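Colleague: The following comprises the amino acid sequence and a computationally predicted model.
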Amino acid sequence: MTSILLEGFEPINLDLEDSEQKSIITGVSWKDYELLLNYLRDSLRYRITYLDGTLEIMSPSRSHEFSKKNIARLLEAYLNQAEIDYWGYGSTTFRKQNKKSGKEPDECYCIGTEKEFPDLAIEVIVSSGGVDNLEVYKRLGIKEIWFWQNDCLTIYYLNQKGEYQPQNKSVILPELDVNLLASYVTASNPRIAVKEFLSQISSS
């Protein structure tokens with residue numbers, strides 16, 4: 001067990017075994033949120049989400065990281081093959097104080113050109129509950145969100161009214177066969193999965 005102790009907070013205990021752990025704290029000021037980010041710095045052990053004074057600290061499991069890495073490999077393989085420029089920022093912290101929101105995606109990308117905030121974010125959902133991820137992303141203005149949950153990929157795109165709508169395919173990457181990509185995420189051998197995925201793309 002690891003205990004994170006911050007002034008003004010109760011101890012947050014997170015089990016670091018292979019199970020996803022979440023801790024929720026309410027009534028957290030923006031200042032204390034930034035203090036926590038500074039305390040954790042570039043730790044890969046936690047994902048931090050903030051919305052309207054509610055703080056979620058998540059310790060991802062091994063299976064969580066395996067899935068998100070496989071999605072990233074497959075997506076980047078497609079982008080390279082399609083010669084689409086992209087910038088990957090992993091779990092960089094993005095936040096807007098005036099929107100009272102902050103988030104560390106599992107993976108995120110700027111597509112076409114580099115920008116202050118990514119165009120596409122990827123979230124692997126293992127356990128339910130916690131902070132409303134879509135609301136956080138909406139306030140940050142992230143155009144497209146991919147949720148991987150129960151071995152299924154769900155896509156949301158931010159429409160002109162500022163609301164997310166579910167999509168059958170990627171709006172940012174309309175030529176990408178997301179169902180084909182999703183079929184390789186759970187493959188046991190990531191290298192072979194990427195090779196076969198690219199082969200399927202080339203032959204289509």
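Modeller: Arrived safely, thanks for sending.
Colleague: and residue 122, helix, strand or coil?
Modeller: Recorded secondary structure, residue 122: strand (DSSP: H, G, I helix; E, B strand; the rest coil).
Colleague: Just the CA atoms of the longest helix along the chain, as CSV, please.
Modeller: When the chain is parsed with DSSP state H, its longest helix is helix 62-81. Taking Å, rounded to 0.1, in the frame of the first residue of the first chain, the C-alpha atoms of helix 62-81 are listed here in CSV:
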residue,chain,number,x,y,z
ARG,A,62,-1.7,-3.8,-15.6
SER,A,63,-4.6,-4.8,-17.9
HIS,A,64,-5.7,-1.1,-18.1
GLU,A,65,-2.2,-0.1,-19.3
PHE,A,66,-2.0,-3.1,-21.7
SER,A,67,-5.2,-2.0,-23.4
LYS,A,68,-4.4,1.7,-23.7
LYS,A,69,-0.9,0.9,-25.0
ASN,A,70,-2.3,-1.5,-27.6
ILE,A,71,-4.8,1.1,-28.8
ALA,A,72,-2.0,3.7,-29.1
ARG,A,73,0.2,1.3,-31.1
LEU,A,74,-2.5,0.5,-33.5
LEU,A,75,-3.6,4.1,-34.0
GLU,A,76,0.0,5.3,-34.5
ALA,A,77,0.6,2.5,-36.9
TYR,A,78,-2.4,3.6,-38.9
LEU,A,79,-1.3,7.3,-38.8
ASN,A,80,2.2,6.4,-40.0
GLN,A,81,0.9,4.2,-42.8
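Colleague: list the buried ones in that helix?
Modeller: 64, 66-68, 70-75, 77-79 (16 or more other CB atoms under 10 Å). Where you see a C-beta, it was placed from the backbone N, CA and C, and this is true even at glycine.
Colleague: Share the number of residues neighbouring residue 150, please.
Modeller: Residues contacting residue 150 under the criterion other CB atoms under 10 Å number 7.
Colleague: Could you list which residues are in contact with it?
Modeller: By CB atoms under 8 Å, 6 or more residues apart in numbering, the contact list for residue 150 is empty.
Colleague: Next, give phi and psi for it.
Modeller: Here is the backbone geometry of residue 150 (degrees, to the nearest 10): phi 50, psi 40.
Colleague: For the protein, which segments are assigned as helices?
Modeller: 30-40, 62-81, 133-140, 178-183, 190-203.
Colleague: which residues touch the longest helix of the chain?
Modeller: 18, 20, 60, 86, 88, 106-107, 109, 111, 122, 124, 126, 146, 148, 153, 173, 176, 181, 184-187, 190, 193-194, 197-198, 201-202.
Colleague: report the angle between the axes of that helix and helix 190-203?
Modeller: Angle between the axes of helix 62-81 and helix 190-203 is 30 degrees (criterion: axes from the mean of the first three to the mean of the last three CA atoms, to 10 degrees).
Colleague: So what's the model's average confidence on helix 62-81?
Modeller: The average pLDDT for helix 62-81 rounds to 96.
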